[in-house]
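J.: 3D, please:
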Amino acid sequence: MAEGESVGTIAEARNAESPASSATVAAKRGTGINDGELRLVAAAMRNVVDIRDRRYRFKTFPACFIGSEACEALVASQLVGTLEEAVKLGNTLLDGGFLVHAQRDHTFKNEPLFYRFTEDEDHGNAAEESWSSVRKAQDSQDLGYDSAWEIRVQAESATSPQDPVYHGVSPLDEHNTALLDKVHPQQWVDPTPKPIYDLVVIGAGAGGLVSAAGAAGTGARVALIEANLLGGDCLNVGCVPSKSLLHAATMCHTLKNQEHLSALGISVGDIKVDFAKVMENLRQQRAHIADNDSATRFTRKLGVDVFFGYGRFMGKKVVRVNNHTLQFTKCIIATGGAPRLPDIPGMKAASVGPRPNVLTNETLFNLTSLPSRFGVIGTGPIGCEMAQAFQRLGSQVTLMGRSGRILKKEDQDAAECVRASMAMDGVTMLLNITEYMQVEDLDGKIKLTFKTAEGKVTTKEFDKLLVAAGRSPNVKGLNLELAEVKYCEEAGVQVNDKMLTSNGRIYAVGDVCTQEYQFTHASDFMARAVVRNALFLGREKFSALNIPAATYTSPEVAHTGCIARQLDKKGIAYQTFEKPLAENDRSILQLSTNGFVRVYCKRGTDEILGATIVGQNAGEMISEVSVAMAAKMGLGTLASVIHPYPTVSDAIRACGDLYNRTRVTPSVKSILRRIVAIQRSSPRRSRASVDMTDQTVQISQTATIEEEP
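T.: Residues are numbered from 1 along each chain as shown. Next up is the predicted model:
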């Protein structure tokens with residue numbers, strides 16, 4: 001090859017007329033390549049490699065080719081110019097999910113290893129037709145709602161003992177069709193079930209996906225069952241879309257905060273919010289992130305058998321899905337939870353249909369227009385996050401609750417920081433409601449009648465009403481009785497500390513079995529532990545997990561370990577070390593002093609029992625304390641960790657300084673004074689030297705200390 005002459009140029013000149021060859025060029029470059037082009041490349045490669053059953057150590061690997069032979073064939077057929085290019089091309093196809101190592105242990109190499117095209121495996125597959133083919137023409141001002149997805153799910157629900165639930169994805173624009181193509185492809189063809197599975201996972205939310213991926217990564221034979229959307233709540237109607245909305249709201253608030261900007265010498269014009277564009281960006285980012293949870297990834301790349309349908313137990317080690325019977329050695333229930341609607345007359349009827357006026361997290365992110373008057377029932381993390389977000393985007397928000405406060409699982413003063421911020425944003429808070437009496441859905445508006453602690457009956461009207469009043473575990477219709485799995489509809493599946501159910505073959509993870517820790521990251525690490533317990537005789541315990549939590553309001557609130565109320569309830573003696581952000585230089589410079597860092601230590605020691613952080617990016621900062629707790633690093637040791645200056649996280653180190661000061665008792669101070677006095681009365685000279693690897697640098701410092709008169 002001439003110097004400076006690219007591989008792509010030679011290949012293009014050699015095979016300019018061949019679509020497969022042009023796709024090969026793109027694949028080798030690794031840019032501008034799409035799934036269709038990779039398919040052409042895979043087909044071209046398939047034509048030149050030797051595919052047949054192979055044997056190794058008494059085991060047969062069907063429909064395989066050998067990596068080194070394939071590299072030579074690619075060069076000989078002039079699809080590539082060199083063996084190095086052949087390896088790069090093979091890895092591009094492997095990354096795209098078109099070929100895999102026979103045991104999924106290696107990347108593509110020019111070595112005598114067995115590889116297989118994923119189309120020769122049967123893990124389930126989608127028809128060529130995309131969801132975009134069923135998109136309807138939509139008005140430019142109102143993106144509308146396509147009924148195809150609603151009808152599909154209702155038809156499936158009709159065969160299920162579960163209560164019909166609306167799971168519409170709306171609008172069916174290019175972003176939502178891209179999402180559906182990944183997490184619930186059109187006309188999915190289930191795989192032929194294997195004789196027996198090492199692990200069957202029911203539910204493909206965070207816990208289910210981590211369980212399936214983790215087990216498949218060890219070589220286990222895994223089946224994954226999902227009735228609705230891969231990715232579960234987190235991807236589709238929870239963490240991912242909500243944080244996109246919160247980011248837009250935060251940006252809007254920053255630009256509208258004229259007092260803050262004026263103090264910085266900045267002025268801007270009128271800020272306008274295009275809510276339809278905000279939601280379009282949400283849908284676009286959600287579809288992009290969905291790759292990691294997609295059917296393509298789990299079938300092609302991980303080798304998991306994926307079934308779309310309702311899984312039901314038919315016995316202690318048998319699951320039925322669609323018309324298939326799956327035998328298993330172990331099973332994990334990861335069906336998650338669903339939003340709980342309070343038993344208020346008229347509420348359930350107003351929450352169904354393609355465009356309901358009573359919303360839950362499952363329908364909130366289908367909005368395309370901003371409600372002028374937005375009501376929120378529920379003062380937990382979801383309720384507070386969405387109330388503040390919609391207020392900042394331009395709605396007039398009323399937040400309603402019964403407990404007299406918000407974020408009742410957090411320290412009272414931490415929650416008060418958030419309440420004060422929300423009040424400054426303009427959120428109206430009615431926190432002493434004793435009874436919700438009626439919901440009326442009239443002329444596209446919601447009328448909510450309620451009674452306050454003072455006995456006053458009030459009716460308020462909203463354009464939309466969000467209900468964020470807790471969640472219920474998804475246990476209906478699973479036939480848990482046939483599997484001899486104990487459960488209750490309120491608390492979910494009963495598990496022991498190893499997350500094992502009353503059936504010794506069946507485990508449970510996530511919201512279906514825990515009410516206290518309904519977080520994606522909790523489900524994730526429960527699943528990791530359960531895979532070890534179920535398949536590898538592990539002894540992992542749920543109680544050993546330290547699970548942090550974060551609420552992404554402004555300011556954010558995050559905690560790890562125990563808070564004061566929990567320590568008091570357990571009767572544990574503790575000390576509190578706190579650094580207000582008003583004393584942190586970076587917070588002062590950013591005009592963001594609403595918050596604090598607080599660390600609880602076991603009394604008389606620096607053992608960290610828990611921490612609460614309130615402030616900008618508290619959710620990012622809390623991990624430092626979690627790491628210290630996991631490493632059994634005391635607060636005193638944390639004080640010796642050098643932090644860049646100025647940073648907000650330096651407030652964590654400052655709490656360590658506060659602890660270390662408690663160790664300087666009057667007796668210790670007396671001793672230290674004597675040492676200083678002795679040195680003061682004895683003039684001395686000091687010398688230091690630093691030895692370096694290649695040379696010795698002598699740094700001499702001479703200082704004479706004069707004796708005091």
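
J.: any regions of this protein where pLDDT drops low?
T.: Counting by pLDDT under 70, the low-confidence segments of the chain come to 1-32, 134-167, 683-709.

J.: hmm, 50 instead?
T.: Applying pLDDT under 50 to the chain flags the ranges 1-17, 137-166, 685-709.

J.: contacting residues for the most centrally placed residue in it?
T.: Centroid check for the chain by CA atoms, centre = their mean gives residue 520 as the closest residue, at 5.4 Å. Listed by CB atoms under 8 Å, 6 or more residues apart in numbering, the contact set of residue 520 reads 206, 234, 238-239. Just so you know, the C-beta spots here come from the backbone N, C-alpha and C atoms, and that holds for glycine as well.

J.: which of the residues you listed sits closest to residue 71?
T.: Closest to residue 71 out of those is residue 206 (39.0 Å), distances taken as CB to CB.

J.: where's that closest one relative to residue 523, distance?
T.: For residue 206, the distance to residue 523 equals 4 Å [CB to CB, to the nearest Å].

J.: ditto for residue 398
T.: To residue 523, residue 398 is 32 Å away according to CB to CB.

J.: higher neighbour count, those two?
T.: Set residue 398 next to residue 523 and count neighbours by other CB atoms under 10 Å: residue 523 wins out with 30 against 20.

J.: following the one helix or strand that one maps to, which helix or strand comes up?
T.: Secondary-structure assignment from DSSP states H and E places residue 523 in helix 520-535. As assigned by DSSP H and E, the chain's next helix or strand after helix 520-535 is strand 549-551.

J.: which other residues reach that next one?
T.: Contacts of strand 549-551 (CB under 8 Å, 6+ apart): 381, 384-385, 407, 409-410, 418, 517, 519, 556-560, 618-619, 622.

J.: quick one, strands of the stretch 351-500 of the chain?
T.: Assigned strands in the stretch 351-500 of the chain, in chain order: 358-359, 373-377, 396-400, 428-430, 433-442, 445-452, 457-462, 464-467, 471-473, 487-488, 492-493 (criterion: DSSP state E, counting those that start in this stretch).

J.: for the longest one, which strands pair with it and how are they oriented?
T.: Strand 433-442 sits in its sheet next to strand 445-452 (antiparallel), going by DSSP bridges.

J.: next, the buried residues of stretch 651-663.
T.: 651-656, 658-660 (16 or more other CB atoms under 10 Å).

J.: and for stretch 302-320?
T.: Quick answer for stretch 302-320 (16+ other CB under 10 Å): 302-313, 317-320.

J.: ok, so of these, who is nearest residue 678?
T.: For these, the minimum distance to residue 678 (CB to CB) is 69.0 Å, reached by residue 302.

J.: state the distance from that closest one to residue 211.
T.: Distance of residue 302 to residue 211, computed by CB to CB: 12 Å.

J.: what is the neighbour count of the closest residue to residue 538 other than its chain neighbours?
T.: In this structure, residue 538 finds its nearest non-sequential neighbour in residue 532, 3.3 Å apart by CB to CB, 6 or more residues apart in numbering. By other CB under 10 Å, the residues close to residue 532 number 17.

J.: and what of residue 419?
T.: For residue 419, the count of nearby residues is 20 (other CB under 10 Å).

J.: just to check, it is in contact with residue 408?
T.: No. Using CB atoms under 8 Å as the test, residue 419 is too far from residue 408 to be in contact (11.6 Å).

J.: hmm, back to that, okay but the residue nearest to residue 538 is in contact with residue 540, surely?
T.: Yes. Counting by CB under 8 Å, residue 532 touches residue 540, with 5.4 Å between them.

J.: quick revisit: let me know the closest of the buried residues of stretch 651-663 to residue 394.
T.: residue 651 (33.6 Å).
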